[in-house]
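Colleague: Predicted model and sequence follow; I will ask about them next.
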Amino acid sequence: MSSEPQIIRTEYSDVMKKSYIDYAMSVIISRALPDVRDGLKPVQRRTLYDMHELGIRYDKPYRKCARIVGDTMGKYHPHGDSSIYEALVVMAQDFKKGMILVDGHGNFGSIEGDGAAAMRYTEARLTKFTQEAYLADLDKDVIDFGPNFDETEKEPLVLPVRVPNLLINGAEGIAVGMATSIPTHNLAEVVDAVKAYMKNDEISTRQLMKYIKGPDFPTGGIVVNKDELPEIYESGQGKIKLRGKVEVEELKGGKKQLVITEIPYTMIGSGIGKFLNDVANLVETKKTTDIVDISNQSSKEGIRIVLELKKGADVENLKNMLYKKTRLEDTFGVNMLAVANGRPETLGLKEIIEHHVDFQFELMTRKYKTLLAKELEKKEIQEGLIKACDVIDLIIEILRGSKSVKDARECLVNGITENIHFKSNISRKMASLLRFTQRQATAILEMRLYKLIGLEIEALQKEHETTLKNIANYEDILNHYDSMANVIIEELDAFKKEYGRKRRTVIENAEEAVFEEKKIEEQEVVFLMDRFGYAKTVDVSVYERNKEAADSENKYVVHCLNTGRLCIFTDSGKMHQVKVLDLPYGKFRDKGAPIDNVSNYSSAQEQIVMVCDAEQMRFAKLLFATRQGMIKRVEGAEFQVAKRTIAATKLQDEDSLLDVQVVTENQHIVLRTKGGYFLRFTAADVPEKKKSAIGVRGIKLQKKDELEEVYLFEEGRETKIMYGEKEISLNRLKLAKRDGAGTKSR
C-alpha cells in the first residue's frame, strides 16, 4: 500500500536560510579551509593518501598525473579533475610551498605564471619528507577513517602529520563568507618553537617568536614591519609588508644597474609581468628618466630582473620609487583561519602549536597502544612456546594420541584428556594440568619442528627478552608525559636535522619608502580626439603647423596644460575625468590611444557630448541641454572634484544629455528641434541650478519631436548656419522667451 505524499508547510526564508548555511559549512569544512591538525585541505589530503595507496613512493618510479587525478576523483574527491590536478601541481611547486610534498617530473609551471603542462604529460611521486612526516604509521590505527562519498572505500579523516604543516606550508583558500591566508614558515624554526612549547606550555607568543622570527617565504624577500609581527601572530590577523631584494651592481664607465634577485611572495605569477609593465610605464610617463633598459634574465637558477641606469642616477631615490609605485613592495594579508574541532576558527601562533602538540600526543597514544597490544600478543605466544619447549615430549605425545586438532587444542587449553591415547597414566596426569591460552595453543599447533633446535630456542628466549623490554618501554611512554614528549621531540629533531634549511626571508624594521617625484615641467599642449575615440596630446607648435588638418580630422580639439585634467561629458549624464599625463604625447600622425583605455568612459554604453579643460571651466558657467528640451546653467566650480566619474546632471526617464557648452550672460541661445522649430532667447533667461537638478523646459516640443541642436552667439555679430539646403542667420530670428514653441523654418 503506497503512502500519501506529505506536503510540509514552512516559511520559504527559513528553508533558504538553512540550505545556505548547510552549503556554506560544506564549502568551509569540505573544500576551502585546512584542518589545524594536518594543515591540509580535503583535496590535498585525499591526493596524498591516494598516491600512498597506489604505492607511488619516493623510491619508486614516477607515475602519470592523469592516473593519480583519475584515481583520486573516482575514489575520494568527486569535484572535477582540474581542482585535483591544480592541488597536485601546487604541492610540487617549490616557489609556493615551504616544503614540497610531491616530487613532480615534467613541466609543473614557473614562478612567472606559466601554467603546468596537461596532466597526461606530467608525472609525479611522493617526496621522502611526505612519506616520513605525513603518511607514516597509517597501519598502526593512529587516525580515524570514514566512508568515502559513495561508501565503497575508506578514507582518512586526517593524516598523521608529524610536523606543524599549517605553519610550514601555509594555506590559501576562499570559502563562503570567509577566507584563509597563512604564510609559510621555516621548518627548523617551527620545530624549535614546538619543542619550547612542550617544555613550557605557559610560554607567550612573544617568547615563541624568539624561535619563529616571522614568515619564511620560498621566494625570500624582506619583511619590513618586524615590530607589528607579535600582534599579528597573537591575533592571527594583520598585514605583513614585503619587499623584494634589490642589489646594486657597478658597470664599466661609472654606470650602475639595479638587480632584483628576490621578489615578494605576492608577486608570484602574473605579478612579475605587471612589475615589468609598471617600470616601463614609469619610464614612458617620464616619472623617472634614470632607467635606460629593463630586462628579465630570470632562469632556473633564480630571479634576476635587471634595470640598467644612466650615469649619475640617484639609486636610493629610484629604489624607493620602485617600492612606492610598483609591487616590489606589497602587503601579505594574514588571516590564520583553520578548521579546529570541526569548526572554523581564527588562530594565533600559540593556538596552532597547541593544537599540533595535542594532535601529536593523540597520535602517539594510539600508536603505542597498538604497538603495546602487538607486543603483549607476542609475549603471550613466546611464553607459550618457551613453556611448550620445556614439556615438548608430552606435547608430542598429546599430538600423536589425538584423533583431531580439536581434541589436541582442548587438552592444551583446558587439560581435557578423554579422547587422547597416552603411553602412561603419568603422561595423562601431566597433560590434565596443562593450561595454555587459545593463542598459545594455536602457536604450538602451528610450530615447526626446526624450532626445537637449541639455537632456535635460545633465539626465542632473546626475542622474549626484547619483547619484555619493548613492553616496559611502551608502557613507560603511555604512562608518563615526559617519556612521550621525549619521543615526539626526538622525531622532530630528526626531521629538523634531515630537512631543515636556512631562512630565506629577512625580517627587519625598515623606514617608509620616500622618494622625490621629479617635477614635470608644465607646458601647454593640445588635446586631439578623432571620431573613432582615439586621443593624444601634441605640442602647441606641432598643432599650429598642422592646424587645418587637425581641426578637420578631429572631433575634439582642446588647449590645456600637461599637468591638468580633462572633463568628458556623456549623453548618459555622467562626467569622466582623465589626467592629461595619462594620454599619449607625441607626433601629430601618431594614432593615440582609445579614450576608453585611460578613463572610465565606455564607448559601448555612452556617447561623448563635450570635452573641456577642467581648469578653464572652473570660473565659467556651463549650459546643459537635453533631448527632451530641458536646460539649465551650472557653475563650473561644481565639477572641480577628485573622483574620476560623477553624475553631471539629473535626467528624466527616457531622456539623454544633448549638449554642454560654456555660456556667458550676454549671449543669445537658439534651440533647434528635429522637426525644424527654432527658438531664440537670451542666456539670462536660463536659471542657474545645481548639477543634481533636472533643469527647466527650454522649448515646448511638438509630439514625437526632440531637441537636436543648440547654438550660442553674441548679439550684433552675424552668425549663420546651414539647415538642409538653406542658410539661416541666427541674428534675424525673432527674439522670444524661454519655454516657447518656437518658429518653424520654411
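Modeller: In hand now; what should we look at?
Colleague: now the helices for the stretch 501-650 of the chain?
Modeller: 540-545, 547-553, 595-598 (DSSP state H, counting those that start in this stretch).
Colleague: which secondary structure elements does the last one contact?
Modeller: In this structure, helix 595-598 packs against strand 534-539, with contacts taken as 3 or more C-beta pairs under 8 Å, 6 or more residues apart in numbering; DSSP states H and E. Backbone N, C-alpha and C define where each C-beta goes, glycine included.
Colleague: Contacts for the strand it packs on next, please.
Modeller: 523, 525-529, 550, 560, 562, 580, 583-588, 590-595, 598 (C-beta atoms under 8 Å, 6 or more residues apart in numbering).
Colleague: Could I get the full set of strands for the stretch 101-250 of the chain?
Modeller: Per DSSP state E, counting those that start in this stretch, the stretch 101-250 of the chain carries strands over the ranges 102-105, 123-126, 145-147, 154-156, 171-174, 179-182, 222-223, 237-243, 245-250.
Colleague: buried set for the fourth one?
Modeller: Within strand 154-156, the residues that qualify as buried by neighbour count (16 or more other C-beta atoms under 10 Å) are Glu155, Pro156.
Colleague: in its sheet, what does that strand sit against?
Modeller: Paired strands of strand 154-156, with direction, are strand 145-147 (antiparallel) (DSSP bridges).
Colleague: same thing with the longest one?
Modeller: Note on strand 237-243: by DSSP bridges, its sheet partners are strand 222-223 (antiparallel), strand 329-335 (antiparallel).
Colleague: follow-up on the earlier one: so among the contacts of strand 534-539, which ones count as buried?
Modeller: By 16+ other C-beta under 10 Å, these give 525-529, 550, 560, 562, 580, 583-585, 588, 592, 595, 598 as buried.
Colleague: Which one of these is nearest to Met610?
Modeller: Distances from Met610 to these, taken as C-beta to C-beta, are shortest for Met529 (11.5 Å).
Colleague: show me what contacts that closest one?
Modeller: Ala535, Lys536, Asn554, Lys555, Tyr556, Gly592, Ile595, Val611 are the contacts of Met529 under C-beta under 8 Å, 6+ apart.
Colleague: give me that answer again for 6 Å
Modeller: Counting by C-beta atoms under 6 Å, 6 or more residues apart in numbering, Met529 touches Ala535, Asn554, Lys555, Tyr556.
Colleague: out of the residues you listed, which are buried?
Modeller: Ala535, Asn554, Tyr556.
Colleague: do you know how far the second one is from Thr537?
Modeller: Right, the one you point to is Asn554. Separation of Asn554 from Thr537 (C-beta to C-beta, to the nearest Å) stands at 12 Å.
Colleague: same deal with the last one?
Modeller: Relative to Thr537, Tyr556 is positioned 12 Å away (C-beta to C-beta).
Colleague: Same question for Ala171.
Modeller: Distance from Ala171 to Thr537, by C-beta to C-beta: 49 Å.
Colleague: Roughly how far does Phe588 sit from Asp393?
Modeller: 119 Å.
Colleague: Let's see the pLDDT reported for Ser692.
Modeller: Ser692 is assigned a pLDDT of 92 by the prediction.
Colleague: do the same with Arg746
Modeller: Residue-level pLDDT assigned to Arg746 equals 65.
Colleague: most centrally placed residue in this protein?
Modeller: Centrality entry for the chain: nearest residue to the mean C-alpha point is Glu172, 5.4 Å, by C-alpha atoms, centre = their mean.
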